[in-house]
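Chemist: sharing a model prediction with you, sequence too.
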Amino acid sequence: MSPHILIITVFSLSMGTLITITSSHWLLAWMGLEINTFAILPFMTQKYGPRAMEATIKYFIIQTTAATMLLFASISNAWLIGQWDIQQMNHPLPLTMISIALALKLGLAPLHAWFPEVLQGLTLPTGLILSTWQKLAPFSLMLQLPSNNTILFTILGLSSILMGGWGGLNQTQLRKILGYSSIAHLGWMVLILQYMPSLSFLAFMTYVILTFSMFLTFWYNQSTTINALSTSWTKTPIISAITPLILLSLGGLPPLTGFLPKWMILSELTKQELSLTATMAAISALLSLYFYLRLSYAMTLTSSPNNLPATLPWRVNFLQSTMPLTITTMMSLCLLPLSPTALSLFYY
């Protein structure tokens, strides 16, 4: 990609998200979402091929459908109650429509089927952008919605946690596994969104850190399948020793960073007298933990020789800086003792 095109694309991607985050008018928010959608398409088609083009077209159609539904719902709200302000979405019908549109944009279950398929057709760096930065704009709009739709958000959250775990059980492609992992984590955020938005944002930031380190690990390993991952101990022994800890952090086990949002979300749901919802979410999270342990087993406990039909890349030439992976790995493993500080920042 030309440096000029790259600068324009990155600038458009950043500005589209910032316009949506800072807007209070639905038309301005919609415009930011559209800029954001169009800006990532050149990244998705950069590695040209049938699979990348298929993923790009799927992504474009889904995002356009969601944006059209969002625009229609905001116009309906303006027609019914005369308000274009995001926080004045008080009529139940447009509020439900706009919640479903944002759920489709985020890839929440049961509107999730497009996300793992699109992610599978992309390179790992582009998949990282799709899984983290592209979620920020619709999630910021969801944070601003009035808390009048508790039942819908609870259904979306629980079904996303369940489908995110269930869908990843039988996968061998790492990008699809990360896609289902993203769906499950978004379910936790949406589950607590109506009761404590600051905690939901804390869960989102933790998810970004953990996902960043996992995508970078697989990118540096040059692995896209579990079979390729099983030889990583010969290519990158230090990364393969640390990665199971990151995976366990993604699963939400103490004393790692990923335990903090799940712990606080379950505590808050219990305080809201939603013990059954908290129990269902905790049990459904065990499905995700299973395939994280499966990846850990493939990386650390699979011994050579194995029956891979391809020539094994026994050494990896690192052409990228490993500093981002180092920083995000340390944050993924060691932030739990700082949880009182983090919570105080998000509460005030």
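Modeler: Cool, got the structure.

Chemist: what residues of stretch 213-227 count as buried?
Modeler: Neighbour-count burial for stretch 213-227 flags 213-221, 223-227 (criterion: 16 or more other C-beta atoms under 10 Å). Using the backbone N, CA and C atoms, a C-beta is placed for each residue, glycine as well.

Chemist: how about these in a markdown table, adding secondary structure and pLDDT?
Modeler: Output for those, formatted as a markdown table (DSSP: H, G, I helix; E, B strand; the rest coil; pLDDT from 0 to 100):
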| residue | secondary structure | pLDDT |
| --- | --- | --- |
| S213 | helix | 93 |
| M214 | helix | 93 |
| F215 | helix | 93 |
| L216 | helix | 92 |
| T217 | helix | 91 |
| F218 | helix | 90 |
| W219 | helix | 90 |
| Y220 | helix | 86 |
| N221 | helix | 83 |
| S223 | coil | 85 |
| T224 | coil | 86 |
| T225 | strand | 87 |
| I226 | helix | 87 |
| N227 | helix | 83 |
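
Chemist: quick one: which of these is nearest Y290?
Modeler: Y290 lies nearest to I226 out of those, by C-beta to C-beta, at 13.4 Å.

Chemist: so that closest one touches N170, yeah?
Modeler: No - judged on C-beta atoms under 8 Å, I226 makes no contact with N170 at a distance of 11.3 Å.

Chemist: okay, and the common contacts of the two?
Modeler: The contact sets of I226 and N170 do not overlap (C-beta atoms under 8 Å, 6 or more residues apart in numbering).

Chemist: tell me the one among the buried residues of stretch 213-227 nearest to S159.
Modeler: Distances from S159 to the buried residues of stretch 213-227, taken by C-beta to C-beta, are shortest for M214, at 23.3 Å.

Chemist: so what's the closest one up against?
Modeler: L178, S181, T243, I246, L247, L250.

Chemist: now do the helix or strand containing A137, average pLDDT.
Modeler: In this structure, A137 sits in helix 133-144 according to DSSP states H and E. Over the span of helix 133-144, the pLDDT mean works out to 92.

Chemist: now the helices for the stretch 51-200 of the chain?
Modeler: Ranges of helices in the stretch 51-200 of the chain, per DSSP state H, counting those that start in this stretch, are 92-106, 114-120, 124-131, 133-144, 150-167, 174-193, 197-221.

Chemist: okay, those helices in TSV with distance to R294 next?
Modeler: Shown next, in TSV, are the helices of the stretch 51-200 of the chain (distance: least, C-beta to C-beta, whole Å):
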stretch	distance to R294
helix 92-106	26
helix 114-120	16
helix 124-131	19
helix 133-144	25
helix 150-167	12
helix 174-193	9
helix 197-221	14
